[in-house]
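1. kindly return the folded structure for what I paste below:
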Amino acid sequence: KKSFPISSSSNRKDLWPLIELIARKSPDANVIEISLSSREMTNIRTSLGRVRAWLRLALMQKRLADYFKILVEQKQDLKEFYDNEALLLSDEISIITGLLVGLNVLDLNFCLKEAALDYPSDTTIHYSLYLRERRIPSQTVSNNIHSPGSIDDRIDELDDYSSLSSSPIIVRTSTQNSDTVILSNSNDIITFDDQRISNILDQKNYIEELHRNLQKTVVNLQKRLQTFEQTNKSLLEDTTVQKIRIGQLEEDLKKAKTEKEQIQLFYQSKIEVKYFEYT
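-> Prediction:
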């Protein structure tokens with residue numbers, strides 16, 4: 001569609017108009033907040049980077065499913081962006097909405113200060129992060145039963161999880177740092193880093209709950225402030241009307257006093273004339 005221009009750099013269609021559509025149709029202040037935040041990030045220069053930042057902020061809020069539901073409900077507006085056979089306009093899109101709800105059970109944290117959001121991400125999976133590496137020193141190799149020359153230098157081997165089950169119990173402690181590792185028979189690994197991460201996640205959940213409560217308090221205070229402002233405005237209008245009324249009454253009072261003085265002078269002079277006639 002014409003509303004999705006083709007980018008010359010990445011040949012990808014722009015999704016930012018859909019995010020703006022969600023921000024317009026949603027009454028929630030959070031979606032407007034993350035839209036403004038992702039749009040005003042100085043380190044992000046492309047529309048792709050803004051979309052990625054918005055998606056990460058929505059995942060951190062655990063509201064991506066809610067925002068997606070708002071999007072798929074705008075059938076008439078989506079027809080301007082998609083053909084009638086598109087998935088977003090079909091009835092099966094409700095399945096994806098339900099699947100996105102499952103992401104709410106995850107606590108996600110992203111670093112949005114990097115400029116890498118503007119560029120296509122590397123989808124290569126490094127399996128070395130999931131494999132355990134065992135280093136065999138050269139002294140052990142020299143005592144090996146292999147023939148001379150078959151193994152000369154230090155060898156790095158990758159153990160699979162089957163070899164870990166047959167390995168003995170290893171206890172390694174270090175007083176220099178907090179990276180104490182204990183391997184039990186059930187291959188459970190307990191580190192102080194895990195405990196620290198658990199404490200950090202607990203603090204994060206507490207801060208998020210506190211933030212939500214503070215947001216509710218702010219909303220209630222804003223409503224009360226609006227009520228007070230309306231009441232104050234009506235009182236100011238009433239005060240202005242009453243001041244005008246008081247000014248009119250003061251003018252009427254002055255006129256009445258002037259008329260009273262004139263009448264008194266008239267009758268006083270008339271009484272004096274009659275008094276002189278009798279005398």
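2. which residues of the protein score low on pLDDT?
-> Along the chain, the parts satisfying pLDDT under 70 run over 1-13, 112-115, 121-190, 279.
3. quick one: the helices in it?
-> With helices called from DSSP state H, the chain shows them at 16-25, 29-39, 47-61, 64-72, 75-78, 93-101, 138-142, 161-166, 192-278.
4. out of those helices, which gets nearest to residue 120?
-> Comparing the helices of the chain against residue 120 with Cβ to Cβ, the closest turns out to be helix 47-61 (8.1 Å). C-beta coordinates here come from the backbone N, C-alpha and C atoms, glycine included.
5. quick one: work out the angle between that closest one and helix 93-101.
-> For helix 47-61 against helix 93-101, the angle between stretch directions is 60 degrees (axes from the mean of the first three to the mean of the last three Cα atoms, to 10 degrees).
6. what helices or strands is helix 47-61 leaning on?
-> helix 16-25, helix 29-39, helix 64-72 (3 or more Cβ pairs under 8 Å, 6 or more residues apart in numbering; DSSP states H and E).
7. winner for burial among those helices?
-> Counting by mean count of other Cβ atoms under 10 Å, helix 64-72 has the highest mean neighbour count of the helices and strands packed on helix 47-61, with a mean of 19.
8. what's that helix packed up against?
-> Partner elements for helix 64-72 (3+ Cβ pairs under 8 Å, 6+ apart): helix 16-25, helix 47-61, helix 93-101.
9. give me the residues contacting the longest one.
-> Applying Cβ atoms under 8 Å, 6 or more residues apart in numbering, the set of residues contacting helix 47-61 from outside is 7, 10, 12, 14-16, 19, 30-31, 34-35, 37-39, 41, 44, 64, 67, 103, 106, 108-110, 112, 115, 117-118.
10. repeat that for the first one.
-> When contacts are defined by Cβ under 8 Å, 6+ apart, helix 16-25 is touched by residues 3-4, 31-32, 35, 38, 47, 50-51, 54, 67, 70-71, 73-74, 77, 81.
11. please redo it, this time with the cut-off set to 7 Å
-> Residues from elsewhere that reach helix 16-25 (Cβ atoms under 7 Å, 6 or more residues apart in numbering): 3, 31-32, 35, 47, 50-51, 54, 67, 70-71, 74, 77, 81.
12. of the residues you listed, closest to residue 209?
-> residue 31 (19.8 Å).
13. coming back round to it: compare the helices of the chain and give me the one nearest residue 86.
-> It is, among the helices of the chain and with distance given as Cβ to Cβ, helix 75-78, at 7.7 Å.
14. what residues sit buried inside that closest one?
-> residue 78 (16 or more other Cβ atoms under 10 Å).
15. what would the helices and strands packed on helix 47-61 look like in CSV with distance to residue 199?
-> Formatted as CSV, the helices and strands packed on helix 47-61 follow (distance: least, Cβ to Cβ, whole Å):
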stretch, distance to residue 199
helix 16-25, 35
helix 29-39, 27
helix 64-72, 26
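16. what's the closest of those to residue 88?
-> Once the helices and strands packed on helix 47-61 are compared by Cβ to Cβ, helix 64-72 is nearest, at 6.0 Å.
17. run the angle between that closest one and helix 93-101 for me.
-> Using the same axes, to 10 degrees: helix 64-72 against helix 93-101 is 160 degrees.
18. tell me the contacts of residue 31?
-> 22-23, 67.
19. what is the nearest of those residues to residue 275?
-> Nearest to residue 275, judged by Cβ to Cβ, of the contacts of residue 31 is residue 23 at 92.2 Å.
20. let me have the helices of the chain in TSV, extended by distance to residue 87.
-> TSV is the format used below for the helices of the chain (distance: least, Cβ to Cβ, whole Å):
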stretch	distance to residue 87
helix 16-25	13
helix 29-39	22
helix 47-61	18
helix 64-72	10
helix 75-78	11
helix 93-101	6
helix 138-142	58
helix 161-166	39
helix 192-278	32
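21. surely residue 104 touches residue 66?
-> No: with contacts counted by Cβ atoms under 7 Å, residue 104 stays clear of residue 66, the gap being 9.3 Å.
22. which one of the helices and strands packed on helix 64-72 is the most hemmed in?
-> By mean count of other Cβ under 10 Å, the helices and strands packed on helix 64-72 have helix 47-61 as the most buried, with a mean of 20.
23. thinking again about what came up before, the helices and strands packed on helix 47-61: which one's closest to residue 219?
-> Nearest of these (Cβ to Cβ): helix 29-39, 7.9 Å.
24. many thanks, have a good one.
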